[in-house]
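> below are the sequence and a predicted model for it; my questions follow.
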Amino acid sequence: QVQLVESGGGLVQAGDSLRLSCSASRRSFSTSIMGWFRQAPGKEREFVVGITRNGGNPYYAESVKGRFTISRDNARDTVALQMNSLKSEDTGVYYCAAGPKLTTDSREYSYWGQGTQVTVSS
C-alpha cells in the first residue's frame with residue numbers, strides 16, 4: 001500500500017507561482033504512476049497531470065500545459081508540481097494519486113493523498 005501526503009498549497013494572486021509536493025511511503029512508489037488531480041468547489045475532480053515511473057513522458061491537461069511542470073524523485077519518494085502563471089480557475093483542492101497506469105480517469109488510481117488547498121485570487 002502507498003500512503004501519500006501533499007504539501008505546499010496556499011493563497012496566492014493570479015500570475016504567481018506555487019510548488020506542491022507529495023511524499024509517498026517507500027513501498028511501491030518507484031513502480032507507481034503518479035498523478036495530480038484537482039477539485040474545485042461544486043465541480044468534479046479533474047485530471048491535471050500524470051508521470052510515468054521513470055519520470056519521462058508526463059501528460060498534462062490542456063488547461064495547464066505550458067504553465068505546470070511535474071517531476072518525481074524516486075530516491076526521495078516524492079513527486080512535485082510546479083505551478084506558474086496561476087489563474088483563478090486553478091483554485092481547488094489538489095490531490096496526489098498513485099496507480100498502475102497513466103490515465104486521466106481518477107477511478108484507475110488506487111491511492112490518494114488528503115489534498116492541499118490552492119486558492120488563486122484575481
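That came in fine, so what should we check first?
> list of residues touching the worst-scoring helix or strand of the chain on mean pLDDT?
Every helix and strand in the chain was compared by mean pLDDT, DSSP states H and E; the lowest is strand 111-112, with a mean of 94. With CB atoms under 8 Å, 6 or more residues apart in numbering as the test, strand 111-112 has contacts from 1, 2, 3, 4, 32, 95, 96, 97, 98, 99. Where C-beta positions appear, they are placed from N, C-alpha and C, glycine not excepted.
> let's go with 7 Å and repeat that
2, 4, 95, 97, 98 (CB atoms under 7 Å, 6 or more residues apart in numbering).
> out of those residues, list just those in strands.
The strands, defined by DSSP state E, take in 4, 95, 97, 98 from the contacts of strand 111-112.
> next, format those residues as CSV and append pLDDT and neighbour count.
Listed next are the ones in strands among the contacts of strand 111-112 as CSV, based on pLDDT from 0 to 100; neighbours: other CB atoms under 10 Å:
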residue, pLDDT, neighbour count
4, 94, 22
95, 98, 23
97, 96, 25
98, 93, 24
